[in-house]
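Engineer: Fold the stuff below for me.
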Amino acid sequence: MPRSRSALSSPAGPVRLTPAAHTALRPAAVTIDGGFWHDRRATNARVSLPQGPALLESAGNLHNLRLAAGSAEGEFQGAYPFVDTDVYKWLEAASWHLAHGEDAALAADVARIVALVAEAQQPDGYLNTWFQLVKGGERYQDLRWGHELYCAGHLIQAAVAHHRSTGRPELLDVARKFADHIDSVFGLPGSGRPVDGIDGHPEIETALVELYRETGERRYLDLAGYFVDRHGHGLLGGEAYCQDRVPLRAATNVEGHAVRQLYLLAAAADLAAESGDAELLAAGTRLWQAMTTTKTHLTGGLGAHHDQEDFGDPYELPNERAYCETCAAIASVQWSWRLALLTGEARYSDLVERTLFNGFLAGVSLDGERWLYVNPLQVRDGHTDTGGDQSARRTRWFRCACCPPNVMRLLASLQHYLASSDEQGLQIHQFVTGVYETDRVRVRAETDYPWHGTIALTVEETPADGPWTLSLRIPQWCREFRVRCGAESYDRSDAPVDAGWLRLTRTWEPGDRVLLELVLEPRLTAADPRVDAVRGCVAIERGPLVHCLEQVDHPGGGLDDVVLDPSRPLAVKHRPDLLGGVTTVVAAGRRRRVPDRGWWPYAPAADADAEPGGEPVELTAIPYHVWANREDGSMRVWLPTT
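Structural biologist: Next comes the predicted model:
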């Protein structure tokens, strides 16, 4: 796979490659100024982010920092030793937002909380309120569950975001001091450092790589490499749950806690980018392939088990018991984006698109005030739960509140995951209304994607010294498209498509236009037959959006007895009155008439096959990402067929 050591600059986003990085592509700058993602980001900025300090106050996170700083009295608050990370993720999200322009109120909140974090730090750089307040200053004695380095990682990422967005050094100084302390403690036997260990929750690794990119301190990159390579050597008991069963370089499939696995893999991709380590790159591409072919839900969601929040066996992809933690979707986006930059391959951005529009976006309500930690693909008729972190009902906040500020930070930094550049030109990975630019070219896009498939592009700035290539990702789901570039027109049969990229090489002039039309016909999708949970079922998709049925749209009964008729055509209906304006898919189905079998629900197969058909019913499928925004009720993605 070709690599470049291009001196092209990387925008100051979450992944800021050094000039010597061994990658095929580099992030390009994007400004989102209209359309679908602009609206969702506006809600994040207007509603979700400003509520963060009050929620962190009510949950006790800020109180704990004041206790550690000696400016308050009382007891530690929170159910877990890692509650500091909720503060750090909110700080990171707020910092990315501040990069967009003035927000005096938010800037004041950030400054106040940054100062509080600095006050809570101990003189030698250590910072963790749980261990400072509850464990009597005991350090690194419970790496399996203590999450000290996990918390440090999120602090570092917040500090990098704060420095890149505002130019202010205060939080970066805190992070460097903590990282220097960690570097003095952890290392291989014989290194002179007292602890050979890893954290039970990876996160420090990718944070250290970014700290190296921000500061130029090579020892942070080396420390990240140490942590990545010590996983799988039994330092935490050899458990798959915390990626300690097998070294990453030798692994053949993703396993254990989904978020932990994906954070570790994102770090491995970062290390491969900066070091040129071909073995790490090969491991990452191998594990991504295994994950997508055997352990990924249609929504891009990841995680089969509520118990231990982990991956299941290959093809173990349940519906109502799917875990699909929102944080796992975010981690998947982060990892896939890094692989897209490393390799230049479109398939990684295909998964980013699927995950963003479905598995990720379902995690936050349309009003930006309520959240889902778990994202199942089915909620049965009569479902009841007691709420909480693993509820199928939206919740204001969680005891383990990792997901809400994680959503905030991805939405606030989303523009950094959309486009890239290389020495040949500009690559557009995700379609938004706004401006894509490198240090040589500028292209404006107008689109109503994903509701419509037309993307209109206008070249606004271009060098006059020869041709360059505009590359547009043709999504994996797209079966038909048309493109018009000047006087030339193409369709799928004759377009210059290379492994998912439509490549248009021209000597461009300002004002040149490209019109890409992706045909968004609704479609029925079936799973690999080895996925037992959905054998005999289909799902409805349109463009990048997975659809689902909700009980509220189907009065007169629940959804457990609904059967879809795949022989009948699907229809598209735009509903400006529904859920803020969505495009639905209408399908034909029926409600099964199931005979009363008395006290025993099982019957001979011949009798079951002979059950009479039920009444016809029109099925309204809404985009999955907007479910659970109305009244509680059943929901399902996969539908049995007649």
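
Engineer: Give the helix, strand or coil label for E57.
Structural biologist: At E57 the chain is in helix, as set by DSSP: H, G, I helix; E, B strand; the rest coil.

Engineer: Could you double-check that it sits in contact with L65?
Structural biologist: No - at 10.6 Å, E57 and L65 do not qualify as touching, with contact defined as C-beta atoms under 8 Å. For glycine as for every other residue, the C-beta is placed from the backbone atoms N, C-alpha and C.

Engineer: Compare these two (neighbour count), which wins?
Structural biologist: A count of neighbours by other C-beta atoms under 10 Å puts L65 above the other of E57 and L65, at 26 against 11.

Engineer: send the alpha carbons of the host helix or strand of the more buried one over as CSV?
Structural biologist: Applying DSSP states H and E as the criterion places L65 in helix 61-69. What follows is helix 61-69, C-alpha atoms only, in CSV (Å, rounded to 0.1, in the frame of the first residue of the first chain):
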residue,chain,number,x,y,z
ASN,A,61,-18.1,15.2,39.3
LEU,A,62,-17.1,18.8,39.9
HIS,A,63,-17.6,18.4,43.6
ASN,A,64,-15.0,15.7,43.6
LEU,A,65,-12.5,17.9,41.9
ARG,A,66,-13.1,20.7,44.5
LEU,A,67,-12.5,18.1,47.2
ALA,A,68,-9.2,17.1,45.6
ALA,A,69,-8.3,20.7,45.3
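
Engineer: Quick one: list the elements packing against the helix or strand that comes right after it.
Structural biologist: Counting by DSSP H and E, the element after helix 61-69 in chain order, helix or strand, is helix 84-98. The criterion is 3 or more C-beta pairs under 8 Å, 6 or more residues apart in numbering; DSSP states H and E, and the helices and strands that helix 84-98 contacts are helix 49-58, helix 61-69, helix 104-120, helix 148-166, helix 403-412.

Engineer: so can I have CSV of those helices showing mean pLDDT?
Structural biologist: Shown next, in CSV, are the helices and strands packed on helix 84-98 (pLDDT from 0 to 100):
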stretch, mean pLDDT
helix 49-58, 97
helix 61-69, 98
helix 104-120, 98
helix 148-166, 98
helix 403-412, 97
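
Engineer: Could you export the ones you listed to JSON lines, including columns for distance to A207?
Structural biologist: Conversion of those to JSON lines gives the following (distance: least, C-beta to C-beta, whole Å):
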{"stretch": "helix 49-58", "distance to A207": "20"}
{"stretch": "helix 61-69", "distance to A207": "19"}
{"stretch": "helix 104-120", "distance to A207": "15"}
{"stretch": "helix 148-166", "distance to A207": "4"}
{"stretch": "helix 403-412", "distance to A207": "13"}
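
Engineer: closest one to V626 among these?
Structural biologist: Of all the helices and strands packed on helix 84-98, it is helix 403-412 that lies closest to V626, at 15.0 Å by C-beta to C-beta.

Engineer: starting at the chain centroid, how far to that closest one?
Structural biologist: Between the centre of helix 403-412 and the centre of its host chain there is 9 Å, according to C-alpha atoms, centre = their mean, to the nearest Å.

Engineer: then it to PDB, C-alphas only?
Structural biologist: Listed in PDB are the C-alpha atoms of helix 403-412, where the atom choice follows Å, rounded to 0.1, in the frame of the first residue of the first chain:
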ATOM      1  CA  CYS A 403     -21.800   8.200  26.400                       C
ATOM      2  CA  PRO A 404     -23.400  11.700  26.600                       C
ATOM      3  CA  PRO A 405     -20.200  13.700  26.600                       C
ATOM      4  CA  ASN A 406     -18.700  11.300  24.200                       C
ATOM      5  CA  VAL A 407     -21.500  12.100  21.700                       C
ATOM      6  CA  MET A 408     -21.000  15.800  22.400                       C
ATOM      7  CA  ARG A 409     -17.300  15.600  21.500                       C
ATOM      8  CA  LEU A 410     -17.800  13.600  18.300                       C
ATOM      9  CA  LEU A 411     -20.500  16.000  17.100                       C
ATOM     10  CA  ALA A 412     -18.300  19.000  18.000                       C
END
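
Engineer: what helices or strands is the next helix or strand after that helix leaning on?
Structural biologist: Using DSSP H and E, the helix or strand that follows helix 403-412 towards the C-terminus is strand 419-422. Identification of packing neighbours for strand 419-422 by 3+ C-beta pairs under 8 Å, 6+ apart yields strand 26-27, strand 425-428.

Engineer: which one of the ones you listed has the most crowded surroundings?
Structural biologist: For these, the largest average neighbour count (mean count of other C-beta atoms under 10 Å) is found in strand 26-27, namely a mean of 26.

Engineer: partners of it, with directions?
Structural biologist: The strands that strand 26-27 pairs with in its sheet are strand 419-422 (antiparallel) (by DSSP bridges).

Engineer: any chance of the helices and strands packed on strand 419-422 in JSON lines, plus mean pLDDT?
Structural biologist: What follows is the helices and strands packed on strand 419-422, written out as JSON lines (pLDDT from 0 to 100):
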{"stretch": "strand 26-27", "mean pLDDT": "98"}
{"stretch": "strand 425-428", "mean pLDDT": "98"}
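
Engineer: do you know how far Q243 is from L265?
Structural biologist: Remark: distance between Q243 and L265 (C-beta to C-beta, to the nearest Å) = 9 Å.

Engineer: between those two, which one's more packed in?
Structural biologist: Here Q243 and L265 are compared on neighbour count by other C-beta under 10 Å; more neighbours surround L265, at 31 against 28.

Engineer: Just the buried residues of the helix or strand hosting C327, please?
Structural biologist: The secondary structure element spanning C327 is helix 326-343 (assigned by DSSP H and E). Along helix 326-343, the positions that meet the burial threshold by neighbour count (16 or more other C-beta atoms under 10 Å) are 326-343.

Engineer: Quick check: phi and psi on R575?
Structural biologist: Main-chain torsions, R575, degrees, to the nearest 10: phi -120, psi 90.

Engineer: who's in contact with it?
Structural biologist: Under the criterion of C-beta atoms under 8 Å, 6 or more residues apart in numbering, the contact list for R575 reads 581-584.

Engineer: Thanks again, I'm all set now.
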